[in-house]
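Trainee: when you get a sec, could you give me coordinates for this:
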Amino acid sequence: MASDEEGRSDGGVREEVSSPYVQIARADWTEMAPRVPMTVDQGMLDALRGLGDPISLQEVAEVYLPLTRLLSLYEQHTGELYASTNEFLGISSRRTPFVIGVAGSVAVGKSTTARLLQALLSRWPEHPRVELITTDGFLHPNAELQRRGLMNRKGFPESYDQRALQRFVMEVKSGRPEVSAPVYSHLVYDIVPGAQVTVRSPDILIVEGLNVLQPARQRSDGRTGLAVSDFFDFSVYVDAADADIKRWYLQRFMRLRETAFRDPRSYFRKYAELSDEQAVQLAGDIWDTINGPNLALNIRTTRSRATAILRKGENHEVKWVRIRKV
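Mentor: All right, here's what the predicted structure looks like:
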């Protein structure tokens with residue numbers, strides 16, 4: 001596995017012949033896109049960002065607005081390729097949604113990134129219908145995870161109904177008018193029985209999750225099938241040093257202990273009564289035995305499959321961006 005500190009840059013645009021990526025320092029990245037009007041205010045940003053994520057309006061303007069400009073260019077040129085292909089084939093099928101994958105560790109801020117991209121992209125006139133789906137809804141229910149002995153591997157690739165997730169994205173990408181997905185509740189830590197969210201012919205679909213960039217696995221007969229990532233037109237990996245991500249996770253756990261964990265309906269209600277020392281110890285154990293190994297074995301190993309990599313510093317600020325060469 002590549003070093004956790006790989007790719008550190010102090011400035012400029014760095015292109016290496018041996019690398020499939022161009023790396024751009026924060027200041028240079030900010031200057032690359034033409035000035036784009038800010039469409040998110042402080043109130044909206046407060047609603048979008050995750051617990052403990054200190055993202056600011058300045059960060060939005062300097063990092064995420066340029067990214068949405070690049071995404072819009074990809075979406076536009078994908079549409080032109082679609083039209084040219086239809087003309088060549090002599091068909092007139094309706095254009096299918098542009099699909100974006102957003103991946104990264106627990107506590108790294110990928111959910112904030114996905115929600116922010118949805119809010120910003122939906123304000124571009126070319127693609128007003130932007131939907132967001134998280135892969136949490138495709139986790140196996142707790143009863144099934146317990147039956148399979150996987151409750152302590154929740155979030156690992158094998159804890160998801162991969163076929164259902166792939167079928168969902170495939171049907172959206174195929175142009176089906178309505179496609180539904182299960183709903184997951186972080187409060188009760190389980191799938192909500194009978195609840196569904198429906199996606200209706202979006203211009204753009206964002207799929208956010210820990211393992212969305214996983215490649216297809218080889219079948220028992222030696223053949224390789226499809227993966228969810230095979231249907232992505234663009235993908236973003238949110239990255240940071242292991243030590244920073246663990247620290248953010250511990251900080252978030254302690255905040256949740258004072259908020260959501262105190263809800264009587266919460267699966268984690270028992271943790272609210274722990275002492276600070278006990279809570280820190282427990283959160284550290286969860287990271288060291290579940291989230292940390294999942295990051296090392298399954299999540300970061302997919303980083304090189306992303307179209308764009310956002311590398312964060314110790315305070316969640318994006319330090320540099322990598323864009324895959326076309």
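
Trainee: report the contact partners of residue 94.
Mentor: residue 175 (Cβ atoms under 8 Å, 6 or more residues apart in numbering). In short, each C-beta sits where N, CA and C put it, glycine included.

Trainee: check the spacing between it and residue 198 real quick.
Mentor: Remark: distance between residue 94 and residue 198 (Cβ to Cβ, to the nearest Å) = 18 Å.

Trainee: where do the strands sit along the stretch 151-300 of the chain?
Mentor: Secondary structure of the stretch 151-300 of the chain (DSSP state E, counting those that start in this stretch): strands located at 178-185, 190-200, 204-208, 234-239.

Trainee: with mean neighbour count, mean pLDDT and distance to residue 245 added, can I get these in CSV?
Mentor: What follows is these, written out as CSV (neighbours: other Cβ atoms under 10 Å; pLDDT from 0 to 100; distance: least, Cβ to Cβ, whole Å):
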stretch, mean neighbour count, mean pLDDT, distance to residue 245
strand 178-185, 18, 97, 22
strand 190-200, 13, 96, 25
strand 204-208, 25, 97, 16
strand 234-239, 25, 98, 9
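
Trainee: residue 99 is nearest to which of the ones you listed?
Mentor: Ranking those by proximity to residue 99 (Cβ to Cβ) places strand 204-208 first, at 5.0 Å.

Trainee: quick one: contacts of the closest one?
Mentor: 75, 97-103, 110-111, 113-114, 117-118, 121, 127, 129-135, 169, 172, 199, 228, 232.

Trainee: past the helix ranked longest in the chain, which element shows up next along the chain?
Mentor: If you go by DSSP state H, the chain has its longest helix at helix 65-89. Once the chain leaves helix 65-89, the next helix or strand it forms, by DSSP states H and E, is strand 98-104.

Trainee: quick one: strands adjacent to that next one?
Mentor: strand 204-208 (parallel), strand 234-239 (parallel) (DSSP bridges).

Trainee: what lies in contact with the longest one?
Mentor: Taking contacts as Cβ under 8 Å, 6+ apart, the residues outside strand 234-239 that touch it are 67, 71, 74-75, 98-105, 108-110, 113, 117, 212-213, 229, 300, 302-303, 305-312.

Trainee: can I get it in CSV? Just the C-alpha atoms.
Mentor: Output in CSV follows, covering the C-alpha atoms of strand 234-239 (Å, rounded to 0.1, in the frame of the first residue of the first chain):
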residue,chain,number,x,y,z
PHE,A,234,-16.5,10.6,-12.4
SER,A,235,-15.4,9.8,-8.9
VAL,A,236,-14.0,11.6,-5.9
TYR,A,237,-11.9,10.2,-3.1
VAL,A,238,-11.6,12.2,0.1
ASP,A,239,-8.2,11.5,1.7
